[in-house]
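In: Fold the following, please.
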Amino acid sequence: MEMKILIADDSRINQRLAQGILEGLGYKADLASTGVEVLNAIMETRYDFIFMDVQMPEMDGVEAAREIRDNIPAEIRPKVIAMTANNEDSEIRKCLEAGMIDSIGKPISRESVQAIINKWRNTGADEAAAQNEAVQGADDQELINPDTVQSLKMMGEDLFVEFITIYADEDAPPLVEKIEQHYASGEAEELGKAAHGLKGISANMGADVMAAVCKKLELKGKANDLDEVEPLIAEMKNIFTKTCAELKNQIA
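Out: You can find the predicted model right below:
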């Protein structure tokens, strides 16, 4: 079945850029210029994805996303992706709280658009939203994103092995240790910074579950809130051990 995508942006240049990228990837996309137009469009067409600009006239992207979340049943709800030049954590958090499932930075690229689609295409809108609300146990989840891993493998086997070695044995373990140390010292802000770094390199390796728990820790640090951080750290360490084992299993 052909995927249905809506691009919502009040800039004609941005609309055409996004539409051109999607067409180049083999997808057709409709256009909307305001949040009101988005709500009208989803009454006529069942979209799989909406790439939503945050700042739009009449009704902005955040308000439109909130309307979609509150009024469209989960089984037919489109997955809303924020498009924003403001990558501050507070901005992204506002988008997620409104019901968007992820964000993509402007200027968008072919690679970033495809990565977002690959990440969420087989996930229902309700399930995607739940992933942003809470990190589930690692035992019943796919720890690594097969599409991301396949993209890394396509760069060559030697480079793929190097990526895994750097992540699992060199770069990630010190960040895990820093998170524990900052928690023990009551340094919430520094804990958040370490979690942010670990989140980024985990996402680059396709370790989506690891990245999700790091995001929770990052937000705790940003909020200067260390309540209930200890069990999150324990979960992070458990997920990290299993993720590294799974990544190493991918080596031919």
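In: Which residues outside stretch 218-233 are in contact with it?
Out: Contacts of stretch 218-233 with the rest of the structure, by Cβ atoms under 8 Å, 6 or more residues apart in numbering, involve 89, 93, 135, 179-180, 182-183, 186, 188-193, 195-196, 199, 213, 216-217. For the C-beta atoms, the positions are set from N, CA and C on the backbone; glycine is no exception.
In: host element of the nearest residue to Ala207 once chain neighbours are set aside?
Out: Setting aside the residues directly before and after it, Ala207 is nearest to Thr243 in space (Cβ to Cβ, 6 or more residues apart in numbering), at 4.7 Å. Using DSSP states H and E, Thr243 sits in helix 229-249.
In: Also Glu190?
Out: Per DSSP H and E, Glu190 falls inside helix 188-204.
In: Tell me which helix or strand comes right after that helix.
Out: Scanning forward in sequence from helix 188-204 by DSSP H and E, the next helix or strand is helix 208-222.
In: roughly how far is that next one from the heart of the chain?
Out: Chain-centre distance of helix 208-222: 11 Å, with Cα atoms, centre = their mean, to the nearest Å.
In: May I have it exported as PDB, CA atoms only?
Out: The C-alpha trace of helix 208-222 is given here as PDB (Å, rounded to 0.1, in the frame of the first residue of the first chain):
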ATOM      1  CA  ASP A 208      17.000   3.000  19.800                       C
ATOM      2  CA  VAL A 209      16.000   1.600  23.200                       C
ATOM      3  CA  MET A 210      19.300   2.700  24.700                       C
ATOM      4  CA  ALA A 211      18.800   6.200  23.200                       C
ATOM      5  CA  ALA A 212      15.200   6.300  24.700                       C
ATOM      6  CA  VAL A 213      16.300   5.600  28.200                       C
ATOM      7  CA  CYS A 214      19.200   8.100  27.900                       C
ATOM      8  CA  LYS A 215      16.600  10.700  26.800                       C
ATOM      9  CA  LYS A 216      14.700  10.200  30.000                       C
ATOM     10  CA  LEU A 217      17.800  10.700  32.000                       C
ATOM     11  CA  GLU A 218      18.700  13.800  30.000                       C
ATOM     12  CA  LEU A 219      15.300  15.300  30.700                       C
ATOM     13  CA  LYS A 220      15.700  14.500  34.400                       C
ATOM     14  CA  GLY A 221      19.100  16.300  34.400                       C
ATOM     15  CA  LYS A 222      17.700  19.300  32.600                       C
END
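In: Since that was my last question, I'll sign off now.
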